[in-house]
Structures are given as structure tokens and as C-alpha cells.
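1. Model the following, please.
(2 chains)
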Amino acid sequence: MRRSTTWRSLAVAAALLLALGACSGESDTGTEETTTSTQAATDEQPTTTTSTTTTAAAVEEQTIEFWHAFNAESSEVQVLEDQLIPQFEAEHPGVTVKAVSVPYGDLRQKLVTAVAGDQLPDVVRADIIWVPEFASLGVLEPLSELMPDFEQLAAAVYPGPLETNHWQDAYYGLPLSTNTRVYLSNPDVYANAGVDIPATQDDLRAIAPTLVDAGIAAFADNDLSGWNVLPWIWSAGGDIVDEAITTASGSINSPESIAGVSLLYDLYTMGAIPEMIVQGGMDPYEEGVATGQYASMMNGPWAYSILAGDYPDFELAPSLTPAGDGGSVSVVGGEDIVVTASSEHKEAAADFVRFMVSPEAQRALAEIGQMSVLSELGDAMVEIQPYYQTFVDQLATARPRPPTPAWPEIDQALKTRLQEAFVGDGDIEQALNDLAQEIDQILADS
Amino acid sequence: MRRRGKSRWRTPAYAFVLPGLVVFTMVMVYPTVRALFISLHEWNIAPGAESPFVGLANYVKAVKDPVFWRSFQNGGIYMLVTVPLQIALGLVAALLLDAKLRGRTIFRTLIYIPVITSWVISSLLFRYLFGAGSGPINAFLVDVTGVISEPIAWLGSRWTALVAICALGVWKGVGWAMLIFLAALQAVPVELHEAAAVDGAGGWQRLRNVTLPSIRRTLTFVTVLSIIGGFNVFISVYLMTGGGPADQTQVPITYLYRQAFSFLDFGYGSAISFMLTVLVFGVATAQLWLSNRTESEGPA
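-> As a prediction, this is how the structure comes out:
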């Protein structure tokens, strides 16, 4: 009796676990949107071989799968599927592009799962910070070796975004779109308070008390990750790791880095930076600038489209990241396009990459808010959207986050240590010394 | 249970259990064994890549990792707070709504609505409610009632954030407990109540001596399931605090998720997940065993 009771308990416990497991099952949110090739290439004369690959018989039927996180709600997916892909397919008979749109938040996990299951697509539009990591896993094809014309293509794009594709001795992708964060302000707030939009970190420190007295936060941001704090550290003349990305000691705990972080901390403690900065990057803060709750924010070009809907009359005043001893240095964001090592159609995939970074495709994407990576389009950007000007200027000095596979771990360490210091005792120097040790360890282990 | 005819029914019984057992093996046993296997390696997710065997290194790492301990502590606290509250409130609601009350269907529905609301939506809702500064909870406490003078940054520190996370857990769990209790209460024979009433038992005595003993198995069921659910809390924490600030509100699953999917350290993530499975399995087994024992030894 006792024995059977025990076994029954085990069985019931197991069954309950099963029930719970079933409830919390993963949901696959990736929505597959297959683009249907308009012309069935089978009927057409397949003799016009345009690509360099020479096949003895007819043009091979190829389908390349392309995963991306272009926004399905704005016009991005529409332009990709109705304009760009049909055009590419027309220029490359026999090649069909199957585009799969995945929400940005799910794309990384989907890629990780696909790596484990050997199910990666041929081409991926990847966030620039993922490329070195996936390259180090050995699942990406080095484009600098795959594409004979890689150097020409690389020479046509901004060096900052290009660097995000660099891992060890090769380049694993090409930049597809770029962006950076600039200082975006509510001009009315400054006019009413009788102060100027800060051009330097010292200016910001000087005007903050005035704004706080008026009940306005001088500056809003919603996280303490590298994306958020590196512009302040770099502009103050500091850095997070050395140039070779081997050590953080001497960089992240240098007096300059401490000064950059301390500025944020001092503003935070005096109420000039709202609480959400320690709360993990989930709160929207654009609206607060439009309503005059916050005087300024650091943000990318998408802030304009976020505010355009609800605040059509409001106009953001853009300016460069407040400068310090290191100048005005912001952080590069954006997307790269990569080809996977498991792709069976690498030549066709490379053709698609070439097409996506061509001036024509880049211009089409720029029309819908994707800033181009081609330096030759810099002036055209401003014609397309005048507000791109400040971003273009900022990009000249903007820097990428260190291209290392350990970046997610380093970024988390940075965020955790700073959150601890901000909500804790506020000893920034100690926090950055600890952080330097922690990052050194992460880099040594990787 | 009647023992008569036991052997005659055994074969068909196994046949009926088989499909469930197959599914169970596929979606529970295999992944668990696999997780154990992965946890003993420095796992490289790329196919064909080498994954060196590291023995118990990932488990040693966990034991030395203060965030690992904190995550299990937070999971335990969440469980200890939400389970009793969920059961007590669910039981009270069930008892009240079992009575012939005007509009009880409406009340039942209202209490059950959180259960069918998506975790994502309710997490974002609670994140908004507990917002720093001018969030509705702060507005209520500071401006409306004046209980506190300064707004609280609820999600800005460990304990206040856990209050918010637990509040969501209870809010979302009460309806489910109530529903199960209601079903059990309706199965309690009216005769028992009538007999007790004839014997002169008051409402409180009937509750203690008739109602509660009759639904004891249900009580065990609800308790065990809520405890398992408590340890497995994920979406609410992930969306409300992301385990922050500074890892103060990590729970086991948010922490193992980060190790695996952010840092690609699947060996360590699997080690945490395996330990969680063992813990939950152990707690659930012990609890069922205890309750079965008291049942077979206690007064019938």
C-alpha cells in the first residue's frame, strides 16, 4: 500500500509536470509570408545566363530563403515584397526569393533555434550586434571570400557599419541599413525655460537644475545598456574595451569613462533623468518629449515616425550627441545582410546581397526610413528626409559596439553593474572597477 | 478502491495509458534526459561542432553563482506568496459563489476573466499599473488615499517588484482555483450538509467538518499544480522586470533563458533547467505522498 502510494504520487507528479509543460509550450510567432514568384520561369527561355555561374544545361531552379525583421506594420515589408524582390527575380531568372518576416523580438531566438536544428535560411537580415556571434559559431559564410567583388562593395559603405561584420580575419556580411542615436529635443521646453539645447556634456550639467526646478527631466532614456550609455562614455573620451577587444581594465574604468557615467548618475539622482533608465529598456519615452515632460532624449530616426501619428504638429529639434573631451560620438545601430554557411545556393544568395546593397534598392529602403549605408547616398538621404541630416552628420563619428561574440554577456554585465550602482550606493568608480574585472573574465573565457 | 477484477482490467488499462505515455515520453522524458546530457557539456549549438564534456562544471558554476541562488529564492518566495493567497481567495470566492446568490454567474465570469487573459497582456498591464512616478497604483496611494507621501518606484527594487509580480500571479490564479473548487463543491452531497444541520452543526462547523474534508483531494490537486506553476513563473517576470534591476528579480526560468538564448550558454542553461525540474518533481512528489499518507491514515 505504502509502495503503491509512492509510485502513484510519482506518476501524478509527472502527469502534472506534463500538463504544465503543455501549457507553457513555445509558440512559434514567425509569420511566414511567401512571396509568390510572378512569372513561372519554367516556361520561359532559360538561355540567358546573367550570373557568373555557368551551368551546362538550363538555368537551375533555385529558391533562396530570406529571414528578416522588416516591419510588417509599416510599409517596409510591402516595399520588400512588392517592389524589391520582384525586381530581383526579374533580373535573375530562375531564382525565387522566399521572404520570411519575423518580428524583431523573436528573430534572434528563431535564429538560435535554427542553428541548433540546422534549419537556417540562405540569407538573413541580422541586427549588427549578432553578426560576430553567429560568425563565431561557424554558421555564416565569409562574404569577403565568397564574393570576388567584396572589396568594391565594402568601399562603397560607411566604415563604421562595415566593421560590425568583421570577425577574426574575414567579413561575414555587408551593412544593409544603418542608424545612430542623436540628441532629440522639444524646442518649446527650452524656449520656455530660457536655456539652450546642450551642445556639450558640461552644458547639460549646467542647465539640468533649471529644468528640474521647472518640473522637467532634462534627458530621458530607458536603459543602461551599451546602446544607451556608450555615447556618453565615448563622448567623454572613455571606452569600454581596448581596441583589440582583449581587456576592459584601463578602458571602462578610466577617468574619462567614469566621468561619462557619473554625468548620467548625477543627473539621475537630481531627478533630471527619470526612473525608467534603471528599468531595463521596456518603457517608451518618445511621447514624454512631445508632451514636454522630458526636454530631450537620445533616439534613432524611427522616433519621428513614432511621434508622427499622435503628435502631427510637434517638431523634434535634432542635434548632435552632447560633446565631451572625446568629441560627439554616438553608437551605430542597424542591420547587416549575411549568407549562411549551410546555404545550398550561395551564388544566388550573394547576388541577392549585391542587389540589396545596390544604390537602387538602398534608395527604395531609404524612402521608408531605412537609412542607407552607401556613402554616395549621404546627400540623397537628406533630400528624401530632411531630418536625416543630423543622423548623417553623427554617423561620421559614430562607433559600433565592440564586434565580439561575447558582446551580449558584456552588455548584460554593463547594464547590471550600472543598475546596481544607480539604485544602490552610487559609487560609480567602484562599479566600473568591478565591471572591468568582470568583462576581463568574460573576454578571457570566450 | 475496489480490488475486485483487478487483473482482468490490467491489459486494457495499459492500452489506454499507452498513447499518453508515448506523448509524455516524447515531450517530457526525452527533453529532460537531453537537458541532463547537454548540461554535462560546454554545449555548442552549431550542428557538427564539438561540445566538450565538462562533467559537473555547469553545476559547480551554478552553486557558486549568487544570481542562481537568488533566482531560486525568488521563485520560492513567489510560490510561497501566491499559492496560499490563490487558494485561500479561490476557496472563499468558490464558497460565496456556490451559494444561491443573485448575479453569481456575472461574478464567476469576472473572477475567471484574468485566467483567460493572455499573460503578455496582463504583464504589460501590471507593468503600467505599477509604473514609477505617476503609475495608477502610485496615484492611488499618494494622491487619492495619501497612504504614502512619495511615489514608489515599484519595479526599481527587488521587494517592491516582487510585490507587483506576486500581485499579478494572484490576480491571474484566483479564478482558476475558484473554478476547480466550485466543481468540487457541487459534488459534495447535499445529504451530508442536511445530516450535519440536523445534528445541530452551524455554518462554520459544516464548513470545517463536511465541506473541507469532502474537497480535500481537490485541495491537494490545486495546491500541487499551483506550486509547480509558481516555480515555473516566467512571462510575467520577463515582461515586467526582465529579471532586473541588476538581477534582483531573476527567477529560475528567466535566468536560464538568458544563459541559453542571450549568452548561447546552453550547457549552463540546461543545468539550471535540470535542477529546477528535479526540485519541482521532488516537491510535487513529496506533497502528494504526504497527502495520500494522511488520507490513508487519517479518519475515514
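2. Can you pull the poorly scored residue ranges out of the chain?
-> Because you didn't say which chain, this covers chain A. Scanning chain A for pLDDT under 70 picks out the ranges A:1-59, A:73-74, A:281.
3. ah, no, chain B please
-> B:1-8, B:295-300.
4. ok, which stretches of it are strands?
-> Ranges of strands within chain B: none, based on DSSP state E.
5. repeat for chain A
-> Under DSSP E, chain A gives strands at A:62-68, A:95-101, A:123-127, A:166-167, A:170-171, A:173-180, A:182-185, A:296-299, A:317-319, A:332-339.
6. Now tabulate the ones you listed in JSON lines and tack on distance to residue A:347 and mean neighbour count.
-> To be clear about C-beta, it is placed using only N, CA and C from the backbone, and glycine gets the same treatment. Listed next are the strands of chain A as JSON lines, based on distance: least, Cβ to Cβ, whole Å; neighbours: other Cβ atoms under 10 Å in any protein chain shown:
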{"stretch": "strand A:62-68", "distance to residue A:347": "9", "mean neighbour count": "21"}
{"stretch": "strand A:95-101", "distance to residue A:347": "9", "mean neighbour count": "21"}
{"stretch": "strand A:123-127", "distance to residue A:347": "12", "mean neighbour count": "25"}
{"stretch": "strand A:166-167", "distance to residue A:347": "22", "mean neighbour count": "18"}
{"stretch": "strand A:170-171", "distance to residue A:347": "18", "mean neighbour count": "20"}
{"stretch": "strand A:173-180", "distance to residue A:347": "16", "mean neighbour count": "27"}
{"stretch": "strand A:182-185", "distance to residue A:347": "39", "mean neighbour count": "24"}
{"stretch": "strand A:296-299", "distance to residue A:347": "40", "mean neighbour count": "23"}
{"stretch": "strand A:317-319", "distance to residue A:347": "42", "mean neighbour count": "19"}
{"stretch": "strand A:332-339", "distance to residue A:347": "10", "mean neighbour count": "26"}
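7. Specify the stretch among these that is closest to chain B.
-> Of all the strands of chain A, strand A:123-127 sits nearest to chain B, with 12.9 Å by Cβ to the nearest Cβ.
8. what does the stretch 101-250 of chain A have sitting close to chain B?
-> Within the stretch 101-250 of chain A, the positions lying close to chain B (Cβ under 8 Å from any Cβ of the partner chain) are A:108-109, A:112, A:115-118, A:133, A:137-139.
9. For these, give me CSV that also has neighbour count.
-> Formatted as CSV, these follow (neighbours: other Cβ atoms under 10 Å in any protein chain shown):
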residue, neighbour count
A:108, 20
A:109, 17
A:112, 20
A:115, 22
A:116, 15
A:117, 10
A:118, 11
A:133, 24
A:137, 17
A:138, 13
A:139, 23
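10. How about residue B:277: what's its closest non-neighbour residue?
-> Counting by Cβ to Cβ, 6 or more residues apart in numbering or on different chains, residue B:32 is the residue found nearest to residue B:277 once chain neighbours are left out, at 5.8 Å.
11. That neighbour contacts residue B:275, doesn't it?
-> No. Using Cβ atoms under 8 Å, residue B:32 is not in contact with residue B:275, being 11.6 Å away.
12. Where does the stretch 51-200 of chain B get nearest to chain A, which residue?
-> When distances are taken as Cβ to the nearest Cβ, the stretch 51-200 of chain B reaches nearest to chain A at residue B:132, 3.9 Å away.
13. just checking, that residue touches residue A:275?
-> Yes. Counting by Cβ under 8 Å, residue B:132 does reach residue A:275; the two are 3.9 Å apart.
14. And the residue nearest the centre of chain B, how far from residue B:82?
-> When Cα atoms, centre = their mean is applied to chain B, the residue found nearest the centroid is residue B:229 (2.3 Å). Here residue B:229 is placed at a distance of 8 Å from residue B:82 (Cβ to Cβ, to the nearest Å).
15. what do the two both touch?
-> residue B:173 (Cβ atoms under 8 Å, 6 or more residues apart in numbering or on different chains).
16. how many other residues sit next to residue B:21?
-> Neighbour count of residue B:21, defined by other Cβ atoms under 10 Å in any protein chain shown: 12.
17. who's in contact with it?
-> By Cβ under 8 Å, 6+ apart, residue B:21 lies in contact with nothing.
18. 10 Å instead, please
-> B:14, B:29 (Cβ atoms under 10 Å, 6 or more residues apart in numbering or on different chains).
19. returning to that earlier point: I'd like to know which of the residues of the stretch 101-250 of chain A next to chain B are part of helices.
-> Under the assignment DSSP state H, these contribute A:108-109, A:112, A:115-117, A:133 to helices.
20. Distance check, residue A:441 against residue B:113.
-> Counting by Cβ to Cβ - residue A:441 and residue B:113 are separated by 48 Å.
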